[in-house]
Each structure stands twice: as structure tokens, then as C-alpha cells.
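[1] Sequence first, predicted coordinates after that:
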Amino acid sequence: MGKKKMTPEQEQYKKLEQKHELKRPVLKNCLKAFLVGGTICLIGQAVSYFYMYFFHFTEQTAGNPTVATMIFFSMLLTGFGVYDHIGQFAGAGSAVPITGFGNSVISAAIEHRTEGFVLGVGGNMFKLAGSVILFGVFSAFAVALIKTLLIMWGVL
Amino acid sequence: MLAMFFWAFIIGGLICVVGQLMFDVGRMTPGHTMSTLVVVGAILGGFGVYEPLIDFAGAGATIPITSFGNSLVNGALQEADQHGLVGVLTGMFEITSSGISAAVVFSFIGALLFKSKG
């Protein structure tokens, strides 16, 4: 289906709409996202150091338990309704870190609880995070397949 | 150690700014933004650029969602190194297993403990 040609009235309306549309404060939003996102990563770094000093993980492997811990924090904040407020303030600053991924799974689970545990919680848990897993896994599959084939053929 | 905290803050913050620009300038939904960032992370991981970033910025690189794509690729490549092409499938979730399991387990606990306010 191609785009329909707009009548003059529709074009006029579109211009009017654009004139009255609220300008997004891009710079301010970016600053908020930077501060909140940076702070979440700062907390993550503190958790990483905790695992490196007390459980002998290395710089590279400390990421795994850190991610799990951050998702645990995200569960508590989501459950008490705090994460939504952070999200309204920070935009991408709270969505891009792994806590945002955790928040999307956990909030879907809590929200659909009234529909029962099997069809509600189980069926809707990955409603929002599913696309992240789908595109992550598929692109990782393509990238890893190409790289493995190139290595096998002696190109790399 | 203090330098590490500093770079974690800066790099993590900058990745979030990229996400915010995709929201505001690219007019993308959060779902589209996160999916795109994961794909970007997977491609960077394939070129071997992401690991040095983790060495440099620590949690600033492991906490943003891009590291999910990177970990998927690395898990697949590690297993492929030992078992050939099948390893791409068997090793896929090797590293990211902690994130996925944590999300599943904690969200079930969350659903048991909390009631929705909506």
C-alpha cells in the first residue's frame, strides 16, 4: 500500500499540526539520560568490584553476576513502583541499561498476574522483552555463523 | 579504581544518550531502540571491538543492553571454537544465561510478592 496523496485540506492540517506540536527538549532529555544512565552504570561498577574482591571474578567475568544483581534491584524498584518514576524522568537513561530489560519483564509479570500464573504471568512475561531476545539472538546467530565460517575457510 | 568508576559513568551515560537520541530524533519506540542497540552490540562483538571497551569502561559497557548482543556472540563463538558450527547454537546463551535466568526467576518472585497498582 503506497502513501495516499493528501488533499490540500489535509496538507494544511498537517502544517498546522506541526506548528502546534510540542518541541521535544532534546538536549535536556539527553542530559537527564546521561546522568541517570551513568549513575546506574556507576552502581553496576560498585557491584562488579564487590564480586571481584569477595568472589574472585575477573574484569571480564564479573559482568555476569553483576547483571543478575542489577536485575534483582530492578525487581524491587519495579515492585515498589519507583522504576516508573525514574523512567518518566530519565527516558532512555533507565531503559537502555540492563535494569530496563529487567523492568520490562518484571512489570509485565506483575501486571498480568490477575489473569493467572500460567496464562497471565507465564504467557506475558516476555511480551516486551521478547523482541530484544529475538533480534539479539538472530543477529548474534548470523554474526557468529559468518565469523565461524570465515575462520574455518582460513579467511580470518 | 577511581578512574574505572569515572569511565563507567561516562561510557554508560553516553550509550544512554545514543538511546535517547534514537527516542527523540529518530522517533523510535523504546522497543525499537532496545532491539537496535542489541543488534549493534552483536555486530560490535563480532568485530571484536566490544571486549576492549569492557576492559576500558567495566560496568559502563557491561550494564547497557548492547552487552547482551555482545555476550550472545561471544558465547556462540567460544563454543564454535571447540565444536564447530553446531556450537553457534549450543553456545548462544552460555554467557547471557545469568541475565535471562535472573529476569525469569526474579520476575516470578516479583509477581508472587507484588500486586499491580493499575
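    Yep, that arrived.
[2] Name the helix or strand for B:E51, please.
    helix B:50-57 (DSSP states H and E).
[3] residues in contact with A:G123?
    Listed by C-beta atoms under 8 Å, 6 or more residues apart in numbering or on different chains, the contact partners of A:G123 are A:H112, A:E115. C-betas here are computed from N, CA, C, even on glycine.
[4] do you know how far it is from A:G100?
    The spacing between A:G123 and A:G100, counted by C-beta to C-beta, to the nearest Å, is 22 Å.
[5] For A:P97, grab phi and psi.
    The phi and psi torsions at A:P97 (degrees, to the nearest 10) take the values phi -60, psi 160.
[6] how's chain A carved up into domains?
    What automatic domain parsing lists as the domains of chain A is A:25-125, A:129-156.
[7] List the contacts of B:T33.
    Shown in contact with B:T33 (C-beta under 8 Å, 6+ apart): A:A92, A:A95, A:V96, B:G19, B:M22, B:F23, B:G26.
[8] Could you list the low-confidence segments of chain A?
    Scanning chain A for pLDDT under 70 picks out A:1-4.
[9] got a markdown table for the domains of chain A, with distance to B:L37 too?
    Listed next are the domains of chain A as a markdown table, based on distance: least, C-beta to C-beta, whole Å:
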| stretch | distance to B:L37 |
| --- | --- |
| domain A:25-125 | 7 |
| domain A:129-156 | 9 |
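[10] Tell me which of these lies nearest to B:E94.
    Taking C-beta to C-beta as the criterion, domain A:25-125 is the member of the domains of chain A that comes nearest to B:E94, at 10.2 Å.
[11] What are the boundaries of the helices in chain A?
    Secondary structure of chain A (DSSP state H): helices located at A:8-20, A:26-54, A:63-79, A:82-90, A:92-95, A:98-111, A:123-124, A:130-152.
[12] To B:L89, which of those helices lies closest?
    Smallest distance to B:L89 across the helices of chain A (C-beta to C-beta): 7.6 Å, for helix A:130-152.
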